Structure formats: C-alpha cells, structure tokens
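Participant: no sequence on hand, only this structure:
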C-alpha cells in the first residue's frame, strides 16, 4: 500500500507511516466542493485527495476521488491520478448534476 502526501498540488510518495499520519492530521484533503439546490433539495459534489493509492494495479497511482451526494446521480464516483485531472473530474461531475 503506497501512501502519498501533497507538496502543493503534486502528490509525493511518503514511505514513513508516522510522517504520513502527521501530514494527514494537519492538512485539508478537500480539493473542491460544489453544492447545488436549496431548502430540502441539495446535491453536493466533493473532490478529495485520498492519500492512499487506490489503483491496486501497476501504473499511475489513483489518489483523488470525486463523488456526488444526493439527487439523481447520488453515488457517482470517479477517481484520478493528478490534481488537474481531479479538477476536470469535479467540473464534469458538476456538469452531470446540472444536466449538461
């Protein structure tokens, strides 16, 4: 299991579990959050840095996750390997929620 921290927007492999834990306690993992709707109807799109490689295979580490909470697309999930990819995925999920 590979652990990562962020150096700005760049994921960096962190082999020391204690250092990884300290980083996680002191840094926000939220990349982007968008909320749609009002009153009783709300949909939230959230993009976070996972800090643990979720690829489970060879290749680029999968470190960012976008999810939709609520509405027609509740449970939609997509993961990416880079900060810029995470921002694109977030924008795509927001467009999906808005019906575009």
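Facilitator: Received, thanks. Fair warning: this is a prediction, and the values are worked out from it, not measured in the lab.
Participant: off-centre distance for the worst-scoring helix or strand of the chain on mean pLDDT?
Facilitator: Across the helices and strands of the chain, mean confidence by mean pLDDT, DSSP states H and E is lowest for strand 30-38: a mean of 92. How far strand 30-38 lies from its chain's middle: 13 Å, per Cα atoms, centre = their mean, to the nearest Å.
Participant: and what of stretch 75-94?
Facilitator: Averaged C-alpha coordinates place stretch 75-94 at 7 Å from its chain's average position (Cα atoms, centre = their mean).
Participant: quote the end-to-end distance of it.
Facilitator: From its first residue to its last, stretch 75-94 covers 13 Å (Cα to Cα, to the nearest Å).
Participant: hmm, back to that, buried ones in the least confident helix or strand of the chain?
Facilitator: 31-32, 34 (16 or more other Cβ atoms under 10 Å). In short, each C-beta sits where N, CA and C put it, glycine included.
Participant: tabulate these (JSON lines), appending distance to residue 22.
Facilitator: As requested, those are arranged in JSON lines below (distance: Cβ to Cβ, whole Å):
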{"residue": "31", "distance to residue 22": "20"}
{"residue": "32", "distance to residue 22": "24"}
{"residue": "34", "distance to residue 22": "30"}
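Participant: which one of those residues is nearest residue 73?
Facilitator: Using Cβ to Cβ, residue 34 is the member of the buried residues of strand 30-38 that lies nearest residue 73, at 12.8 Å.
Participant: so what's that closest one closest to, chain neighbours aside?
Facilitator: The spatially closest residue to residue 34, leaving aside those adjacent along the chain, is residue 45, at 4.5 Å (Cβ to Cβ, 6 or more residues apart in numbering).
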